[in-house]
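Chemist: give the three-dimensional model of this entry:
(one chain, ligands or ions: 1)
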Amino acid sequence: MAGVTRADRCPGVLRPHLAADGAVVRVRVPGGQTTGSALGRLSRIAQQFGTGDLQLTSRSSLQIRGLPDPVRMGFVHAVQRAGFLPSDTHERVRNIVGSPLTGITGGATDIRPLIASLDAGLCAEPRLASLPTRFLFAVDDGRGDVTAAPFDLGYRAVDHDYGWVLLGGAEQGLLVPAGDAVPTLLELAHRFLTASQKLDHVWHIRDLAHWATTIPGVRAVLLPPRVTANPLGAVAGAASVQVPLALLTPAQAATVEACASGSVVITPSRGLVLSGAARRLPQLAAVGLVHNPASPWSVISACVGAPSCASSLINTRAYATALAQSGSSPLRRTHISGCERRCGAPTGAYRDLVAPRDTELLALLSETP
Ligand code: SF4
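Modeler: Below is the predicted model of the structure:
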């Protein structure tokens with residue numbers, strides 16, 4: 001079967017992962033670009049078949065948990081009808097992150113057409129279904145927000161007409177006309193497959209030492225300083241909110257659907273940007289979505305933990321909630337993990353609290369006023 005020639009366990013809609021709380025599927029949303037009505041439809045599917053929440057990932061995907069094992073075909077067909085499964089063969093390689101505010105404010109150009117074109121190009125090439133499902137494309141509109149995190153192949157716009165195709169990080173690449181970006185990215189994906197096909201456990205370009213330097217024309221890239229944080233609140237008429245614990249509840253999804261008249265972007269920092277919805281921020285806040293950068297939820301995150309994950313010794317979400325409500329800690333990015341895998345940990349510097357090593361500290365932090 002395409003895409004499963006290696007021990008490659010990232011879930012998809014057609015290839016669920018079995019967790020302690022049932023089957024989990026991951027729905028890819030290239031660039032995080034969707035709409036309020038599509039999100040609402042997926043939320044209702046999650047309520048009908050699973051726990052009801054939509055779990056946001058750092059790749060701007062959405063996970064649905066608590067599904068029966070095996071997953072019912074009625075669920076798969078519902079996801080297809082909602083427009084989230086355009087390709088059976090390529091669903092798990094449609095891993096594309098993009099600058100969340102592109103086309104709304106800032107950046108050198110609007111990269112949404114490029115994201116759509118890259119997704120279509122990927123799905124049109126049968127061989128690319130064999131890419132590792134951890135392989136990540138990052139499309140950056142020039143502000144440096146998504147090419148700051150690890151990725152495999154990327155594009156960072158210089159202006160509307162040119163940009164850097166980046167290989168294995170932001171340090172090396174090829175300067176290309178914008179119109180050549182997608183063909184170049186697809187060709188490099190083919191070259192990666194050729195170079196890695198006989199090797200075990202090669203998931204990323206960085207696993208192939210010096211491979212990028214063998215590509216004709218690749219040179220060192222010196223890019224302007226990166227932008228890290230996605231601002232919260234009213235941003236150029238859009239509403240930018242954080243989703244606490246990265247779990248979008250049915251009530252929150254319904255409110256997003258009601259408030260969003262245009263695009264909705266799922267951000268890699270597990271938030272949502274609703275274009276043109278800044279005046280609806282009070283309604284979004286009323287259902288627990290966070291628009292105040294001073295909120296502890298803007299810096300506290302957790303893996304899904306117990307009881308959903310059998311590897312966890314603690315209820316990470318309960319600790320995170322207690323910590324957020326305690327008012328005990330200065331605002332500092334903190335991630336709570338139920339084991340050393342640190343699922344969902346943020347990129348960059350953060351306070352790393354892992355069970356069982358830090359369970360006592362966690363209890364202390366969340367109890368101290
Ligand atoms: S970090 Fe460990 S405990 Fe948490 S979700 Fe991942 S595997 Fe489970």
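Chemist: what number of residues lie near Cys10?
Modeler: For Cys10, the neighbour count with other C-beta atoms under 10 Å is 18. Where C-beta positions appear, they are placed from N, C-alpha and C, glycine not excepted.
Chemist: that one and Leu136 touch, don't they?
Modeler: No: in this structure, Cys10 is not within contact of Leu136 by C-beta atoms under 8 Å, at 10.8 Å.
Chemist: the longest helix in this structure is where?
Modeler: helix 181-196 (DSSP state H).
Chemist: in the stretch 251-369 of the chain, which spans are strands?
Modeler: If DSSP state E, counting those that start in this stretch is used as the criterion, the strands of the stretch 251-369 of the chain fall at 263-266, 271-274, 300-302, 334-337, 351-354.
Chemist: tell me, how many residues neighbour Gln33?
Modeler: The number of residues packed near Gln33 is 21, by other C-beta under 10 Å.
Chemist: could you check the pLDDT of it?
Modeler: pLDDT for Gln33: 98.
Chemist: quick one: contacts for it?
Modeler: Neighbour list for Gln33: Gly98, Arg112, Ile115, Ala116, Ser263, Val265 [criterion: C-beta atoms under 8 Å, 6 or more residues apart in numbering].
Chemist: the third one is in what secondary structure piece?
Modeler: Secondary-structure assignment from DSSP states H and E places Ile115 in helix 112-124.
Chemist: buried stuff in that helix?
Modeler: Using 16 or more other C-beta atoms under 10 Å as the test for burial, helix 112-124 gives Arg112, Leu114, Ile115, Ala116, Ser117, Leu118, Asp119, Leu122, Cys123.
Chemist: and Leu114, how far from Val182?
Modeler: With distances taken as C-beta to C-beta, to the nearest Å, Leu114 is found 7 Å from Val182.
Chemist: again, but for Ser87
Modeler: 16 Å.
Chemist: residues making contact with stretch 351-369?
Modeler: With contact meaning C-beta under 8 Å, 6+ apart, stretch 351-369 is reached by 305, 312-314, 316, 319, 322-323, 326-329, 332-340, 342, 345.
Chemist: and these near the ligand, which?
Modeler: Contacts with the ligand within these, as defined by C-beta under 6 Å from any ligand atom: Gly305, Ser312, Ser337, Gly338, Cys339, Arg342.
Chemist: what about the fifth one, how many residues close to it?
Modeler: Under the neighbour criterion other C-beta under 10 Å, Cys339 is assigned a count of 19.
Chemist: which phi and psi does it have?
Modeler: phi -160, psi 180 (degrees, to the nearest 10).
Chemist: report the contact partners of it.
Modeler: Ser311, Ser312, Leu313, Val354, Ala355.
Chemist: put the buried members of those residues into a PyMOL selection.
Modeler: To isolate the buried ones among these in PyMOL, judged by 16+ other C-beta under 10 Å, type:
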select buried, resi 311+312+354+355
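Chemist: rewinding a little: helices and strands around the next helix-or-strand element following the helix holding Ile115, which ones?
Modeler: Following helix 112-124 in sequence order, the next helix or strand is strand 137-140 (DSSP H and E). Contact analysis of strand 137-140 by 3 or more C-beta pairs under 8 Å, 6 or more residues apart in numbering; DSSP states H and E lists strand 96-98, helix 112-124, strand 153-157 as its packing neighbours.
Chemist: can you do 10 Å?
Modeler: strand 96-98, helix 112-124, strand 153-157, strand 162-167, helix 181-196 (3 or more C-beta pairs under 10 Å, 6 or more residues apart in numbering; DSSP states H and E).
Chemist: between those, which gets nearest to Val146?
Modeler: Smallest distance to Val146 across these (C-beta to C-beta): 4.9 Å, for strand 96-98.
Chemist: re the thing from before, what about the helix holding Ile115, average pLDDT?
Modeler: Throughout helix 112-124, pLDDT has a mean value of 98.
Chemist: which neighbouring elements make contact with it?
Modeler: Secondary-structure packing of helix 112-124 (3+ C-beta pairs under 10 Å, 6+ apart): strand 33-35, strand 96-98, strand 137-140, strand 153-157, helix 181-196.
Chemist: may I see the ones you listed organised as CSV, with distance to the ligand added?
Modeler: What follows is those, written out as CSV (distance: least, C-beta to the nearest ligand atom, whole Å):
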stretch, distance to the ligand
strand 33-35, 24
strand 96-98, 20
strand 137-140, 23
strand 153-157, 26
helix 181-196, 26
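Chemist: let's have these in TSV, adding distance to Ser240.
Modeler: Listed next are the helices and strands packed on helix 112-124 as TSV, based on distance: least, C-beta to C-beta, whole Å:
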stretch	distance to Ser240
strand 33-35	15
strand 96-98	15
strand 137-140	18
strand 153-157	21
helix 181-196	27
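Chemist: any idea which of the ones you listed gets closest to Leu223?
Modeler: Once the helices and strands packed on helix 112-124 are compared by C-beta to C-beta, strand 153-157 is nearest, at 6.5 Å.
Chemist: off-centre distance for the closest one?
Modeler: Averaging C-alpha positions (C-alpha atoms, centre = their mean, to the nearest Å) puts strand 153-157 16 Å from its chain's average.
Chemist: same question for stretch 166-175.
Modeler: Relative to the centre of its chain, stretch 166-175 is centred 21 Å away, using C-alpha atoms, centre = their mean.
Chemist: how far does that stretch stretch from one end to the other?
Modeler: Stretch 166-175 has its terminal residues 9 Å apart, counting by C-alpha to C-alpha, to the nearest Å.
Chemist: repeat for stretch 71-87
Modeler: One end of stretch 71-87 sits 18 Å from the other (C-alpha to C-alpha).
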